[in-house]
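**Q** A predicted structure for the sequence below; I have some questions about it.
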Amino acid sequence: MIPVEFDYVKVTSIDQAISALKAGGEDAKIISGGQSLLPVLRLRMAEPSVLVDCGSIDEMLGVRDDGGSITIGAATTHHGVMNDPLVQEHALLLAQATATVADPAIRHRGTTGGALAHADPAGDVPAAALALNASFVIAGPGGRRTVAAKDFFLDYFTTAVGPDEILVSFSIPKCDWGSHYSKFNRTAQAWAIVGAAAVVNVQGGVIKEARIGLTNMAPTAIRASTVEAALVGASSAAQITAAAMHAADGTRATSDLHAKADYREHLARVITARAVRAASGI
Amino acid sequence: MAHITVTVDGTSYTSEVEPRKLLVHWLREDIGRVGTVVGCDTSNCGACTVLLNGRSVKSCSVLAVQADGCQVTTIQGLSDGNEWHPVQAAFKECHGLQCGYCTPGMVMAAVDLLSENPKPSESEIREGLEGNLCRCTGYHNIVKSVSYAADLMSAGPTKGAK
Ligand SMILES: Cc1cc2nc3c(=O)[nH]c(=O)nc-3n(C[C@H](O)[C@H](O)[C@H](O)COP(=O)(O)OP(=O)(O)OC[C@H]3O[C@@H](n4cnc5c(N)ncnc54)[C@H](O)[C@@H]3O)c2cc1C
Ligand code: FES
Ligand code: FES
């Protein structure tokens, strides 16, 4: 279908973006890569008055080294993020999760910041951002603020970014732990039925600490905290499998045409164990 | 209306477009590049794949205004008019199509894949084409075509007479 009529402005600075959002009123919308928004517009499930294109704001593009952390511009494409040497060295889990997003053509346009702001519960990037303890820089009419990952994802397609605000970038503390993203889907290219993103600190063959994010097990990506606690001290595959039995604790999986909730819970346990084993090498 | 200038297959076009116009509709309806087709309404099938500044994109999922100032290569820009592009020659040689509907997108996705990975393995080809759906051929001959194209391209200029 053809989208409804709207205006379009391309902005080159954050200030321009915020002014354009304000001028456009409550139906103004940001467009970044458009890979989630354009399908929605074509189905006429959204009718924006104006699209504010933030894909050409320098500050929102590319990855930089900030010493203890790396900062990723929100408009950096999935393809740019997963191939970036800093991401590969210091936040490998993000590259691993991003590489499973959609297909190459969508990864050339779609942006990691767009995926985080969109916050689809089945999206692959939020779980990795949670496990990596990312923090988010949000700009709005009142200035800038930084929000921790645990406070960023609020609900189904809802984040801490307000309608008059823009996600500028997100930062990830450098992490050299083993990592793996395990995604369960039925066809070559599809959304996760369930996904598990794990970073694991192993010393002398024993797990010291683990952080795990789950995809599509609740209205937002969530941490598998019970598993994380149960993994401390684990040094065998059997112990990892036992800890992963808690993966569905506290989750709120839904039933849809891809899977029933109890099957999702089963999958969460299985693929959490797989992700932790691959990440830890145990 | 918005004013855009886009270079398509080497020729520069200037147009007035509605911001809601999809790049694929602009290519087909406004400048007559009908080699690029639409196969779905969900960004899934990849039939509409073109190169935007050298990288594959689904032209049904880009606004024409977003392509302002960019270079677009469609299936119609691959050949110089005398010889097929090696990927086209390989699809012909390996029978990588039946009805041909998915072929413009398959070929463009393959061109993009080979520009990043000139010697892909079979599984890398399958992954590289995961955003392109074919309803007739089954993927075996398409994968063979891409593999053969890689051989042709590493062997130098082809003699794929049109
Ligand atoms: C066929 C298909 C398959 C897909 N498969 C997957 C998959 O397997 N896994 C997966 O994770 N994703 C998948 N995606 C979605 C893909 O990851 C999108 O690229 C991503 O979700 C959105 O990024 P974008 O830059 O394209 O955002 P856009 O589409 O431009 O925007 C999405 C939403 O976020 C808002 N937004 C964007 N940027 C900002 C910002 N900087 N600040 C504030 N708000 C902003 C927009 O207003 C809009 O509401 C798929 C998409 C398609 C079409
Ligand atoms: S028509 Fe563009 S992906 Fe199907
Ligand atoms: S050849 Fe018919 S859809 Fe692929």
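**A** Thanks, I have it. All figures in this text were calculated on a predicted structure; none of them were measured in a lab. Ligands and ions are numbered 1, 2, ... in the order given.
**Q** so where do the strands sit in chain A?
**A** Secondary structure of chain A (DSSP state E): strands located at A:7-10, A:28-31, A:50-53, A:63-65, A:69-73, A:135-140, A:143-148, A:153-155, A:158-159, A:166-173, A:178-184, A:194-203, A:206-215, A:222-223.
**Q** so which of those strands comes closest to chain B?
**A** strand A:7-10 (3.6 Å; CB to the nearest CB). All C-beta spots, glycine's among them, are computed from the backbone N, C-alpha and C.
**Q** and that closest one, average pLDDT?
**A** What strand A:7-10 shows for mean pLDDT is 97.
**Q** partner strands of it, parallel or antiparallel?
**A** strand A:50-53 (parallel) (DSSP bridges).
**Q** near ligand 1, anything from the strand it pairs with?
**A** No. Strand A:50-53 does not reach ligand 1 (CB under 6 Å from any ligand atom); its nearest approach is 8.3 Å.
**Q** Give me the contacts around that strand.
**A** A:6-11, A:17, A:20-21, A:23-24, A:27-32, A:37, B:19, B:63, B:66 (CB atoms under 8 Å, 6 or more residues apart in numbering or on different chains).
**Q** now with 10 Å?
**A** Around strand A:50-53, the neighbours that count as contacts under CB atoms under 10 Å, 6 or more residues apart in numbering or on different chains are A:3, A:6-12, A:16-21, A:23-25, A:27-32, A:34, A:37-38, A:41, A:75, A:166, B:19-20, B:63, B:65-66.
**Q** taking the mean pLDDT, what do you get for it?
**A** On average, strand A:50-53 scores 98.
**Q** Just the C-alphas of it, formatted as PDB.
**A** Only the C-alpha atoms of strand A:50-53 are listed here, as PDB (Å, rounded to 0.1, in the frame of the first residue of the first chain):
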ATOM      1  CA  VAL A  50       5.900  15.000   9.300                       C
ATOM      2  CA  LEU A  51       8.900  12.600   9.300                       C
ATOM      3  CA  VAL A  52      12.100  14.100  10.700                       C
ATOM      4  CA  ASP A  53      15.000  12.200   9.100                       C
END
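**Q** what sits against the residue most central in space within chain B?
**A** Central residue of chain B (CA atoms, centre = their mean): B:Met108, 2.5 Å from the mean position. By CB under 10 Å, 6+ apart, the contact list for B:Met108 reads A:105, B:35-36, B:46-51, B:56-57, B:59, B:73-75, B:77-78, B:87, B:132.
**Q** residues near the residue in chain B that ligand 1 sits nearest to, how many?
**A** Ranking the residues of chain B by distance to ligand 1 (CB to the nearest ligand atom) places B:Ser43 first, at 3.6 Å. Applying other CB atoms under 10 Å in any protein chain shown, we find 23 residues neighbouring B:Ser43.
**Q** I figured it was touching A:Gly33, is that so?
**A** No. Counting by CB atoms under 10 Å, B:Ser43 does not reach A:Gly33; the two are 11.3 Å apart.
**Q** Spit out the residues that contact those two alike.
**A** With CB under 10 Å, 6+ apart as the test, B:Ser43 and A:Gly33 both reach A:Ile106, A:Arg109, A:Gly110, B:Ser61.
**Q** of the residues you listed, closest to ligand 1?
**A** A:Gly110 (2.1 Å).
**Q** I'd like to know how far the closest one sits from A:Ala28.
**A** A:Gly110 is 21 Å from A:Ala28, where distance means CB to CB, to the nearest Å.
**Q** now B:Leu78
**A** 39 Å.
**Q** Identify the residues contacting the residue lying closest to A:Thr77 once chain neighbours are set aside.
**A** Closest residue to A:Thr77 apart from its sequence neighbours, by CB to CB, 6 or more residues apart in numbering or on different chains: A:Thr111 at 5.5 Å. Neighbour list for A:Thr111: A:32-36, A:54-55, A:60-61, A:72-81, A:117-118, A:125, A:167 [criterion: CB under 10 Å, 6+ apart].
**Q** switch the cut-off to 6 Å
**A** A:Ser32, A:Gly33, A:Ala75, A:Thr77 (CB atoms under 6 Å, 6 or more residues apart in numbering or on different chains).
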